[in-house]
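J.: below is the sequence, then the predicted model.
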Amino acid sequence: MDLSDSILVAGDPNGIVTITINRPKSLNSLTRAMLVRLARETSALSRDDSAKVIILTGSGRAFCSGIDLTAAEEVFKGDVKDVETDLVAQMERCRKPIIGAINGVAVTAGFEIALACDILVAARGAMFMDTHARFGIFPSWGLSQKLSRLAGANRARETSLTAMPITAEKAEKWGLVTHVVEEGEALRKAQQIAEAILKNNQDLVLKYKAVINDGLKLDLGSALSLEKERAHSYYDGMSKEQFKKMQEFIAGRGGSKKGSSKL
């Protein structure tokens, strides 16, 4: 298999980078080489100042059907502690917003990759499914912990212990997905969200994503303290000229409302 064909990376002049898992004949199942490539691409984009937003999707009828079971031993007994080649770890470390465009099935590892995205869009007919228990595979990319926190413990237990699928509509109801769109429209909707992100202050976008994601790992009181600390650090680092530009920008957005001090 040509790795350059199985993982496609395409950027536009505005800084939207689309990564496509491109192995449609196997429903975009992943080999270890593909996982390593995805992890390294994600890590590189996190450091690339020209990349602003990442969209992750799959070609054909699936987002990702999970690990290619013919390569399961290589994947599961490989160097799973190597963070540099751990795709989900690199997605969670990534400074840039990651939007998942779910155009078909997202199964087991594919489900875990979807949950590592910051924003999820799903097409009607898309499904999420956890088959760890069915195939005797122990979860290691967060599905056993993330799903219960996002959807509730009872829903997570039923989903994972029965290996029954979750429809796009149910995933939206549970709060896993932010938009359900018509078939064939997931990527377009993801691009629209990316374009909306690009209209904002990109330094603040990075810092905002970080404080949300870092705060989710803490209890509410500690998370509020974290926000306060980072806010003080942010404003302490701003010069008078930067404050002046902020005020001018806000005044410009306010149109003819002179003297408004509201942010």
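T.: Noted; the coordinates are in hand.
J.: got the phi/psi numbers for Gly142?
T.: Phi and psi for Gly142, reported as degrees, to the nearest 10, are phi 100, psi 0.
J.: how far away is it from Asp203?
T.: According to C-beta to C-beta, to the nearest Å, Gly142 and Asp203 sit 28 Å apart. Quick note: C-beta positions are derived from backbone N, CA and C, even for glycine.
J.: those two - which one has more neighbours?
T.: Neighbours per residue, other C-beta atoms under 10 Å: of Gly142 and Asp203, the larger number sits with Gly142, 17 against 9.
J.: state the distance from that one to Ala114.
T.: 11 Å.
J.: residue ranges in the stretch 51-200 of the chain under the pLDDT threshold?
T.: Scanning the stretch 51-200 of the chain with the threshold set as pLDDT under 70 gives 71-81.
J.: switch to 90 and redo it
T.: Applying pLDDT under 90 to the stretch 51-200 of the chain flags the ranges 66-85, 135-138, 140.
J.: buried ones in the helix or strand harbouring Arg40, by neighbour count?
T.: Element membership for Arg40 (DSSP states H and E) is helix 32-47. Of the residues in helix 32-47, 32, 34-39, 41-43, 45-46 count as buried by neighbour count, 16 or more other C-beta atoms under 10 Å.
J.: what's the answer for stretch 176-195, then?
T.: So, applying 16+ other C-beta under 10 Å, buried residues of stretch 176-195: 176-181, 185-187, 189-191, 193-194.
J.: identify, from the residues you listed, the entry nearest to Gly11.
T.: Using C-beta to C-beta, Ala194 comes nearest to Gly11 of the buried residues of stretch 176-195, at 11.4 Å.
J.: tell me which residues touch the closest one, please.
T.: With contact taken as C-beta atoms under 8 Å, 6 or more residues apart in numbering, Ala194 is in contact with 16, 52-53, 55, 97, 99.
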